[in-house]
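**Student:** dropping the sequence and predicted coords here.
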Amino acid sequence: MKKFNDNRNVIGNLIKEYREKKHYSKMELSRKLELLGIELDRFELYKIETCKKSVKDFELIALCVVLDIDFDELKKLIENY
C-alpha cells in the first residue's frame, strides 16, 4: 500500500474536523453516506480519520457532499502538506 509521509490519506483530520462540527457520530455519518450508495462503517471511518485507510475518489466526493466540505478546502490541505 502506498503511503505519503507514513499516512494512507491526507484528509483524515479534515474529515474528523467537519464531522465533529456537524455533531455527527461515525455511525450517523455512515448512515448518511449509505443514502448516497457509499458503504463505510464506523470502523472504516475511524481508519480514514486516523489516516490508516486510503480513500477512493467516490468516497471522498460523498464525504465532501455529506459534510459540506468545499473542494477548495481539499486543495488548500494538499498545498499545505
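**Tutor:** Perfect, I can see it now. Numbers count the residues shown, from 1 in each chain.
**Student:** low-scoring pLDDT stretches of the chain, where are they?
**Tutor:** Scanning the chain for pLDDT under 70 picks out 1, 3, 81.
**Student:** which residues does the residue nearest the centre of it contact?
**Tutor:** Nearest to the mean C-alpha position of the chain, counting by CA atoms, centre = their mean, stands Ile15 at 4.2 Å. For Ile15, the contact set (CB atoms under 8 Å, 6 or more residues apart in numbering) comprises Leu45, Ile48, Glu49, Leu63, Leu67, Ile69. The C-beta positions use only the backbone N, C-alpha and C, and glycine is treated the same way.
**Student:** did I read that right, it in a strand?
**Tutor:** No: Ile15 is assigned helix when assessed by DSSP: H, G, I helix; E, B strand; the rest coil, not a strand.
**Student:** can you give me the helices in this structure?
**Tutor:** Applying DSSP state H to the chain gives helices spanning 12-21, 26-35, 42-49, 57-67, 71-79.
**Student:** what's the closest of the contacts of Ile15 to Lys22?
**Tutor:** For the contacts of Ile15, the closest approach to Lys22 (CB to CB) belongs to Leu67, at 6.3 Å.
**Student:** neighbours of the closest residue to Glu39 other than its chain neighbours, how many?
**Tutor:** Nearest non-adjacent residue to Glu39, counting by CB to CB, 6 or more residues apart in numbering: Leu33, 7.4 Å away. A total of 21 residues lie near Leu33 under the criterion other CB atoms under 10 Å.
**Student:** isn't Leu33 up against Glu44?
**Tutor:** No: using CB atoms under 8 Å, Leu33 is not in contact with Glu44; the gap is 9.9 Å.
**Student:** need the overlap of contacts for those two.
**Tutor:** With CB under 8 Å, 6+ apart, Leu33 and Glu44 have no common neighbours.
**Student:** count of neighbours near Gly37?
**Tutor:** The number of residues near Gly37, taken as other CB under 10 Å, comes to 8.
**Student:** mind listing what it touches?
**Tutor:** Ala62.
**Student:** phi, psi for it please.
**Tutor:** Torsion angles at Gly37 (phi, psi; degrees, to the nearest 10) stand at phi 90, psi 10.
**Student:** just use 38 as the starting number from now, easier for me
**Tutor:** In the new numbering, first residue 38, that becomes Gly74.
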